[in-house]
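Undergrad: Provided below are the primary sequence and the corresponding predicted coordinates.
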Amino acid sequence: MSNYDAIVIGAGHNGLTNAAYLAKAGLNVVVLEKNDYIGGASVSREMHQGWIYSSCSYVCSMMRQSLHRDLDLGRHGLLLVPYLGTINFGDAEQRLISYHDEEAAHLELKRHSPHDADAMHRFQTDLTRYAQLIRKTLLRTVPDPTSFRPRDIRELLFLAKQFWALGEKEIYEYVRFFTMSAAEYLEDYFENDLIKAAMASPGIIGTALGAYSPGSSYILLHHVMGDVDGSIGAWGLARGGMGAISNAIAGALQEHGGEVRTNAGVQKVLVENRKAVGVVLENGDEVRARIVVSNLDAKRTFTRIMDKNDLPEGIYEKACNFKIRGSSGKVNIALSGMPKFTHVPDNRYINRGGQTFSGSLETMERAYDCWKRGRWSDNPFIESVIPSAWDPTVAPPGKHWMSNFIQYCPPELSSGPWTAEKRDQFGQTVVDKIERYSPGFKDLIVHMEVRTPHDIEQEIGLTEGNIFQGELTIDQLFFNRPFPGYAQYRMPVKNLYMCGSSTHPGGGVSCACGANAAREILIDLRRPNTVPEDDFYDE
Amino acid sequence: MNTTDPYAGERLKLSPFYPRQKVLNIRDAWGAWNGYKFADCFYDAEYEYFCVRNTCATYDICPMQKYDIRGPDAEAMLNRMVTRDVKKIGLNRVAYCVWCTDEGRMIDDGTIFKLSDDKFMLTCGSPCTAWLEKSAFGFDGVTVTDVTDELAALSLQGPTSCAVLKKMGLAGIETAKAFDIMRFPFHGDTLMVSRTGFTGDLGYELWIQPALALELWDDLYAAGEDYGIQPFGEAATNMARLEAGFIMPAMEFNEALRTVHFEHDQTPFELNLGWLVDFKKPHFSGKSALLKEKQRGPKYTLTKLDIEGNKPADGSYIYKNRRCTQEIGYITSAMWSPAVKANIALAMIKTEHLQGELWAEIYYEKELRQYSRVARCTRKQKPFWSPARARATPPQDY
């Protein structure tokens, strides 16, 4: 038996961040990880000799710059590189390239629709306005709207002030925006099908919603509110894969005296006198601490590693009903060369960007229909990126690895449980689709890792393989995340906290949940705060 | 000169690498350097900067001034000109140097290549033929020749640069230590490679006769294809050098021979380059003035700053207090550093105030409106960017 100030369950990026800030405050912290590697879904693994896959998450934009800076993650080996434009593939021969360069991007849009090229300015302006407001909340604890504590009132006033600054018309628009579908929202701006599909695609990534489902407009915003070096909406890749983020945070944690234990899955959170006092590991060992922080999702925390009888009434039920639906698959492919795509210029810059096989809104919605019926999409939406095109560390020279994110793929099939055979068929569906846009693609394949939501849950521990640790719908956001009344990282059992993406501000490799939770914990433990504020004071 | 072109004399010269660079400069973003047409960027300055930090990239240093200094008195002449002890430079080694007026004010900085006991090459940012000739006064056994146009040079910088040179067939390049010079047979001639650069990262500079410049470019780009090779221009260079803490003329220092106002130029001590001044060697230009400066201490000290917030502090004053009532210095260069994730700057600060609080008053624009913010500055002793790979021998492949 060993004693710590704090136990953090799960060495994903949020768990590590939480632990790093607790350690920075001088606490004796241990992070317990069930796998023999750290990182959770922010991980790099050599799955084929010479190829390092970012097995789960693959791009980065939410990462809070001030945390990156404060923990000096650069010195711990992290380099985030923004990537260049994306090629959007239409159902037939149409291609829309979203160039990094503003002028080129405008000309490309104009090629498809002069109307939409102009409308894009208004769209970007409106979205930036919405994004800027949400961004201000990322590294803050959400106020409890029913509380009269000065801090909650102060935070409510802060939010009210930000809203009020939008102006009356925009306040209406903003509220409306939150309840809309991505497709309907885009109808206000665009006429071209491919442009609409391209713009709608962030609205379906990771969610069990379709582009026409109410609430998908927020998902869209969630995906474009991040930034790389202040450029809102930009996405970056971590040199060395997404594991470089977790490894760098672990480096900072260890520098502050924290400890990480792998192969240390937690079986149960120990509760005595209605207080969390430690955990029992899968091997039977007991680890005790003053506080316990769960980086697992809300459902897993309250239904898997806690005894129902230790919880106040209603929490177990809330956790069971927590919306955490798996909808995404991942196919990681090692390639012997760079694939060539049809109807795309051979351009050294756009070849270093990403590929989105969105088709039209109709295609995306049909893909969603398959999920609703318990099947993987037969013509799936695929978001791809070939990080090796500019990251020399993830594949041998001249060889490449392609990350493919697939929407939709259900955690359970209507035809019965997932089998290795069905998984291969799912992978084949993805490869077949890419082959249609890149004849000869299959011949380049050296190795392939197919991951269904079921696999992701088994390996990483995300319930149903939901990448956000819980749907980002308005009923589960802000003061409702994970449950109403528990949005400030303190859980219904004393000395138990949550720090994962099930908490505000939700999914994405942001490190914000972990940092916010650390700030609350340090208040409770009467320690000086070590968590920085966001570093943009104006934008 | 092309006599059919009435404006021939007003046009910028073209680097031997221009035919290749022209094709890649798809934004037509050209500036000028020492009379040469010179790329500000080729596609996107930030992208090119990331190539320097993540893969590798080339920078055309043909416009950099290069002087062949040879003869039995070459070493003595250089030793009287620069502040560093040239005698200590090993054969086939490069040394960073500065040279000053008799008043100890800095004229320029550059590098000296020791190619043999009586043959040196001096490189620098601005032309300095006149000063070199002045410096050679009294030495009979030295000739100074401007070889800028006779020697093409390309800088290859970034973590994969050594791997690219190996792939190009430069056997043994991985044994070159920082500031070493090596030579390789190249298309019937000799390619000189020095492990030098201006980015603070792993990098090399390649020196070849202009007639073989395009062969060099093509071989390098063929080898670099799978290593993310990309040309970079002035904008990305300026980002990389600032992260490395390197000084630029007309930014950190005003060349003494172009300075109108008294003491608007700088001494090496003010620029934190005191380590380059060797008082143990015999007389050199500026020695007695610099000795006095050393004893008295410099008025200003170039300081590396990490500034809170993310708005670059370009052109800001530095104050001793948050209320900004006591001005103690000024920012010389500033940027948001994407690699370090910090708001970095170099500043000249009055030495007597270095130890106290430092505040920058930063002005920035938002949709045509001006805003200002006072931000706390923290002094940094080490370069903002200084990866271990820049010093490792042999370097890793990435």
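TA: Right, received. Where do you want to start?

Undergrad: shaky segments in chain B?
TA: Applying pLDDT under 70 to chain B picks out residues B:1-2.

Undergrad: According to the record, where do the domains of it fall?
TA: B:1-298, B:299-378 (automatic domain parsing).

Undergrad: now those as JSON lines including distance to chain A and mean neighbour count?
TA: Quick note: C-beta positions are derived from backbone N, CA and C, even for glycine. As requested, those are exported to JSON lines (distance: least, Cβ to the nearest Cβ, whole Å; neighbours: other Cβ atoms under 10 Å in any protein chain shown):
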{"stretch": "domain B:1-298", "distance to chain A": "4", "mean neighbour count": "19"}
{"stretch": "domain B:299-378", "distance to chain A": "4", "mean neighbour count": "18"}
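
Undergrad: Can you lay out those domains as a markdown table showing distance to A:Pro453?
TA: Rendered in a markdown table, the data for those read as follows (distance: least, Cβ to Cβ, whole Å):
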| stretch | distance to A:Pro453 |
| --- | --- |
| domain B:1-298 | 32 |
| domain B:299-378 | 33 |
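
Undergrad: burial count for A:Gln191?
TA: I think there's a mix-up here, since residue A:191 is Glu and not Gln. Close neighbours of A:Glu191, defined as other Cβ atoms under 10 Å in any protein chain shown, add up to 12.

Undergrad: Need the pLDDT of it.
TA: Listed pLDDT for A:Glu191 reads 97.

Undergrad: Quick check: the gap between it and A:Ala117.
TA: Separation of A:Glu191 from A:Ala117 (Cβ to Cβ, to the nearest Å): 11 Å.

Undergrad: Equivalent analysis for B:Glu252, please.
TA: B:Glu252 is 43 Å from A:Ala117, by Cβ to Cβ.

Undergrad: cool, and A:His447?
TA: A:His447 is 41 Å from A:Ala117, by Cβ to Cβ.

Undergrad: Could you check which of these two is surrounded by more residues?
TA: Higher neighbour count among A:His447 and A:Ala117: A:Ala117, with 19 against 16, using other Cβ under 10 Å.

Undergrad: Within range of chain B, give me the residues from chain A.
TA: A:65, A:68-69, A:73-74, A:79-82, A:84, A:100-101, A:228-230, A:239, A:348-349, A:389-393, A:397-398, A:535-539 (Cβ under 8 Å from any Cβ of the partner chain).

Undergrad: Before we go further, A:Gly508 is sitting in a strand, right?
TA: No - assessed by DSSP: H, G, I helix; E, B strand; the rest coil, A:Gly508 does not belong to a strand; its assignment is coil.

Undergrad: So which helix or strand of chain A has the lowest pLDDT on average?
TA: Across the helices and strands of chain A, mean pLDDT, DSSP states H and E gives its lowest value to strand A:231-232, namely a mean of 87.

Undergrad: Pull the distance from the next helix or strand after that one to the chain's centre.
TA: Later in the chain than strand A:231-232, the nearest helix or strand by DSSP states H and E is strand A:236-238. Remark: strand A:236-238 is offset 13 Å from the chain centroid, using Cα atoms, centre = their mean, to the nearest Å.

Undergrad: now for strand A:236-238, which elements pack on it?
TA: The elements that strand A:236-238 packs onto, with contact taken as 3 or more Cβ pairs under 8 Å, 6 or more residues apart in numbering or on different chains; DSSP states H and E, are strand A:80-82.

Undergrad: Which elements pack onto the strand it packs on?
TA: Packed next to strand A:80-82, using 3+ Cβ pairs under 8 Å, 6+ apart, are strand A:236-238, helix B:45-54.

Undergrad: Run me through the strand neighbours of that strand, direction for each.
TA: strand A:236-238 (antiparallel) (DSSP bridges).

Undergrad: Buried by neighbour count: which residues of the partner strand qualify?
TA: By 16 or more other Cβ atoms under 10 Å in any protein chain shown, the buried positions in strand A:236-238 come out as A:236-238.

Undergrad: what's next to it, contact-wise?
TA: A:54, A:58-61, A:78-83, A:228, A:244-245, A:385, A:387, A:390-391 (Cβ atoms under 8 Å, 6 or more residues apart in numbering or on different chains).

Undergrad: let's go with 6 Å and repeat that
TA: Strand A:236-238 is contacted from outside by A:59-60, A:80-83, A:228, A:244-245, A:387, using Cβ atoms under 6 Å, 6 or more residues apart in numbering or on different chains.

Undergrad: So for these, which is the shakiest by pLDDT?
TA: Minimum pLDDT across the contacts of strand A:236-238 is recorded for A:Tyr83, with 85.

Undergrad: For that one, grab phi and psi.
TA: Main-chain torsions, A:Tyr83, degrees, to the nearest 10: phi -100, psi 160.

Undergrad: related to what we said a few turns ago, adding distance to A:Trp164 and neighbour count, write the contacts of strand A:236-238 out as TSV.
TA: Listed next are the contacts of strand A:236-238 as TSV, based on distance: Cβ to Cβ, whole Å; neighbours: other Cβ atoms under 10 Å in any protein chain shown:
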residue	distance to A:Trp164	neighbour count
A:Val59	34	23
A:Cys60	33	26
A:Leu80	34	25
A:Val81	38	24
A:Pro82	33	21
A:Tyr83	37	24
A:Val228	30	22
A:Ala244	41	27
A:Ile245	36	30
A:Pro387	42	28
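
Undergrad: Tabulate the CA atom coordinates of stretch B:297-310 in PDB.
TA: Extracted in PDB, the C-alpha atoms of stretch B:297-310 (Å, rounded to 0.1, in the frame of the first residue of the first chain):
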ATOM      1  CA  GLY B 297      30.300  48.200 -18.600                       C
ATOM      2  CA  PRO B 298      28.100  48.700 -21.600                       C
ATOM      3  CA  LYS B 299      25.400  51.300 -21.500                       C
ATOM      4  CA  TYR B 300      22.900  49.000 -23.000                       C
ATOM      5  CA  THR B 301      22.700  45.200 -23.000                       C
ATOM      6  CA  LEU B 302      21.000  43.100 -25.700                       C
ATOM      7  CA  THR B 303      18.500  41.000 -23.700                       C
ATOM      8  CA  LYS B 304      16.300  38.100 -24.600                       C
ATOM      9  CA  LEU B 305      12.800  38.500 -23.400                       C
ATOM     10  CA  ASP B 306       9.800  36.200 -22.900                       C
ATOM     11  CA  ILE B 307       6.800  38.500 -22.900                       C
ATOM     12  CA  GLU B 308       3.400  37.600 -21.500                       C
ATOM     13  CA  GLY B 309       0.400  37.400 -23.800                       C
ATOM     14  CA  ASN B 310       0.700  36.700 -27.500                       C
END
